[in-house]
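Asker: Fold the stuff below for me.
(chains A and B)
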Amino acid sequence: GESVGLHLPTLSVQEGDNSIINCAYSNSASDYFIWYKQESGKGPQFIIDIRSNMDKRQGQRVTVLLNKTVKHLSLQIAATQPGDSAVYFCAEVRANSKLTFGKGITLSVRP
Amino acid sequence: DTEVTQTPKHLVMGMTNKKSLKCEQHMGHRAMYWYKQKAKKPPELMFVYSYEKLSINESVPSRFSPECPNSSLLNLHLHALQPEDSALYLCASKRGPENGYTFGSGTRLTVV
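Answerer: Residues are numbered from 1 along each chain as shown, chains lettered A, B, ... in the order given. So this is what the prediction gives:
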């Protein structure tokens, strides 16, 4: 798999490979973090979230890792499929329920 | 019903027009949100309603006027918009502090 930070706009992976999308956050007071997937013409779709007191959480084919020491969040997608092609956003939630999105990265899956 | 429904899906309006965007959810969620998303950018928060009361206004210009008539409905009234206001307007809702956000598919607004 390939790993790229959110300052790079695109990530291209081969179908079947693992994808790793990284995100840096700045606010240590955030309560939890969410990864969203947005397909063209649609609203953001929830993928997985993680509370600030956790280090790792797994879902179906996805894993989110949180490193509070360096304020870093990553999304791992196992066995990437063409249907995973989309823009991915990390987002953080603060105490007042304010949801703030990161810059986003486009994941492109090569057949 | 597990959806947030936004209407219309597309809207073209002139700078002197008045129009409204509508958002509806029947999940019993008590917090509702308006976001604005420009092309290739992340959604940006505009307004938050909690228990039908405006709790956050992110310094949005007054040409955007939100309204929450009841716990299931959220409107965004538009008046005297500028071409730079053209964007995808997203609505979201949330049951409570420990729950996730559900987004609608948005209204694609074009101001001419």
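
Asker: got the residues of chain A near chain B?
Answerer: A:9, A:34, A:36, A:41-46, A:49, A:89, A:96-104 (Cβ under 8 Å from any Cβ of the partner chain). C-beta: built from backbone N, CA, C; applies to glycine.

Asker: among the residues you listed, which ones are buried?
Answerer: By neighbour count, with 16 or more other Cβ atoms under 10 Å in any protein chain shown, these hold A:34, A:36, A:43-44, A:49, A:89, A:97, A:99-104 as buried.

Asker: Sort those residues by pLDDT and name the bottom one.
Answerer: Ranked by pLDDT, these bottom out at A:Ser97, which has 76.

Asker: Just the C-alphas of stretch B:53-71, formatted as CSV.
Answerer: Extracted C-alpha coordinates of stretch B:53-71, given in CSV (Å, rounded to 0.1, in the frame of the first residue of the first chain):
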residue,chain,number,x,y,z
LYS,B,53,-32.5,26.7,18.5
LEU,B,54,-29.5,28.3,16.7
SER,B,55,-26.4,27.4,18.7
ILE,B,56,-23.6,28.2,16.2
ASN,B,57,-23.4,30.8,13.4
GLU,B,58,-20.0,30.7,11.8
SER,B,59,-20.0,34.4,10.9
VAL,B,60,-22.2,33.7,7.8
PRO,B,61,-23.3,36.7,5.8
SER,B,62,-26.9,37.8,6.5
ARG,B,63,-28.0,36.9,2.9
PHE,B,64,-28.1,33.4,4.3
SER,B,65,-30.9,33.0,6.8
PRO,B,66,-31.5,29.6,8.5
GLU,B,67,-34.7,28.5,10.0
CYS,B,68,-35.7,25.4,12.0
PRO,B,69,-39.5,25.2,12.1
ASN,B,70,-39.6,21.9,13.9
SER,B,71,-37.3,19.1,15.0
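
Asker: pLDDT on that stretch, on average?
Answerer: So the average pLDDT for stretch B:53-71 ends up being 96.

Asker: just checking, which of the residues of chain A next to chain B belong to helices?
Answerer: Members of the residues of chain A next to chain B lying in helices (criterion: DSSP state H): none.

Asker: For B:Thr2, which non-adjacent residue is spatially closest?
Answerer: B:Met27 (6.3 Å; Cβ to Cβ, 6 or more residues apart in numbering or on different chains).

Asker: Look up how far B:Leu21 lies from the nearest residue to B:Gly100 once chain neighbours are set aside.
Answerer: Distances taken as Cβ to Cβ, 6+ apart put A:Phe46 closest to B:Gly100, at 5.2 Å, once the chain neighbours are dropped. Plainly put, A:Phe46 is 22 Å away from B:Leu21 if you go by Cβ to Cβ, to the nearest Å.

Asker: burial count for B:Gln25?
Answerer: 23 (other Cβ atoms under 10 Å in any protein chain shown).

Asker: give the contact list for it.
Answerer: With contact set as Cβ atoms under 8 Å, 6 or more residues apart in numbering or on different chains, B:Gln25 has these partners: B:1, B:3-5, B:32, B:72, B:93, B:102.
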